[in-house]
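>>> I would like the atomic coordinates for the input below:
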Amino acid sequence: MSILSKPNRPWLFNVDRNPILHGILKKTFYEQFCAGENSIETKATIRELKDMGFRGVIMTYAKETVFDHKSQEQHGMGVSALESEQKGERLDSRVLHCASIEAWRDGTLKTVDMMEEDDYLAVKLTGAGVKVTEAFAAGELPPQQMLDALDEICERCKERKVRMLVDAESQHFQRGISRVTLELMRKYNRDGYASVYNTYQAYLKSTPSTLASHLSAAQQEGFTIGLKLVRGAYMASDERSLIHDTKEDTDNAYNSFAQGALKQSIGDFGANGSRPFPSVNLFLAGHNKESMVAAYELHQKRTASGLPTVPIRFAQLHGMSDEVSFSLLHMKEGDEIPEVYKCSTWGRMGECLAYLLRRAIENRDAVLRTDNEYRALKNEMFRRLTKPFSFPPPS
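Numbering: from 1, shown residues only. Model (predicted):
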């Protein structure tokens, strides 16, 4: 997967041009983790997921750029090389028009149009090409063409009652991504809820200070923070020193942020701090069942006791941790069912390779997780087979 995701590969290793290689990957990795290569396949997958009982989907257009800290190179099948991008530019009404930004805008709007009310659009901003990633690497806002595209996408989402999650990406670009996402939250999260979410990675040592800065801005300026919490997925390419030393440290950080948000108390904000807790909407994305269950139980406990908390939703990746997803769906209290989503990606095979490589890395522990899911499936099969022969307890 690592070799196939590198740019400028010969025909034999080009997944979009070699039909044999394309067919093998389509029936193995691709269909396990991705929604489709076109709108017809993608819409069918969305309907299948919703028919399983999920509240909705989180859908991503696959184009992105990944920066490899070790080689100091950036690559992404969905992004044009710099010289190709320069050839694609044209001077239009004295404004430099970037073909890569336009292609990303078009693909992202197509994604929104495939979705329904209460679904989520997840965007990878680096998919818009070199001019955008250069700005992000410098910690700056992207070109005005990109800002205009983001405004158009946010307005389209509002029209269709779809919310937007801005994905975290390689740390080489993250400072600029966080900056533009904060601006979007300032602009669009003014209705008492989050239309735009930023993604906070628990495995980063810097996340507490980043989150504190954003909470401060929201509290002072009166907008809602969309807090999407993940553990993190770029360990193979990011600088190792930026990441917590142990998995236990990452787990503790994740649980601390999740539980703190639900208690409305993080750092200096809330009950245990000196500053009021701002408006926050929480979205927990992850495959750790203990973290998900603990968060849901805390939310239910605080709601039942009349204690302040925040709205919460959950998500797992398409093709992974179905046992976690369905366990949450079965934890309903009365008529209330946890709001669980499945997150998937669509795009041509080549555009999805960077995403598929991360899924391959994450699934190195698949044997343990598969054993857990196998036991869960076996127990459910036994329950269904024995249900017709069970009798209700005497009244």
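>>> Residue 237 is in contact with residue 73, isn't it?
No. Taking contacts as C-beta atoms under 8 Å, residue 237 lies outside contact range of residue 73: 9.8 Å. The C-beta positions use only the backbone N, C-alpha and C, and glycine is treated the same way.
>>> what touches both of the two?
Residues within reach of residue 237 and of residue 73 at once, by C-beta atoms under 8 Å, 6 or more residues apart in numbering, are residue 67.
>>> between these two, which one's more packed in?
The neighbour comparison of residue 237 against residue 73 (other C-beta atoms under 10 Å) goes to residue 237, with 23 against 12.
>>> got the contact list for that one?
Each residue near residue 237 by C-beta under 8 Å, 6+ apart is listed here: 66-70, 170.
>>> Need the nearest residue in space to it, chain neighbours excluded.
The shortest distance from residue 237 to any non-neighbouring residue, by C-beta to C-beta, 6 or more residues apart in numbering, is to residue 68 (4.7 Å).
>>> got a pLDDT number for the one you found?
Here the pLDDT value assigned to residue 68 is 74.
>>> And it, how far from residue 360?
16 Å (C-beta to C-beta, to the nearest Å).
>>> got it, and residue 327?
Taking C-beta to C-beta, one finds residue 327 at 25 Å from residue 360.
>>> Kindly list the main-chain dihedrals of the most centrally placed residue in the chain?
Residue closest to the average C-alpha location in the chain (C-alpha atoms, centre = their mean): residue 167, at 5.1 Å. Here is the backbone geometry of residue 167 (degrees, to the nearest 10): phi -70, psi 150.
>>> And for residue 116?
Main-chain dihedrals, residue 116, degrees, to the nearest 10: phi -120, psi 170.
>>> again with residue 197
Main-chain torsions, residue 197, degrees, to the nearest 10: phi -120, psi 140.
>>> what is it paired to in the beta sheet?
When bridges are called by DSSP bridges, residue 197 pairs up with residue 165.
>>> So which elements touch the helix or strand where residue 110 lies?
Assigned by DSSP states H and E, residue 110 belongs to helix 99-113. When contacts are defined as 3 or more C-beta pairs under 8 Å, 6 or more residues apart in numbering; DSSP states H and E, helix 99-113 packs onto strand 56-61, helix 82-88, strand 120-123, helix 130-137, helix 144-160.
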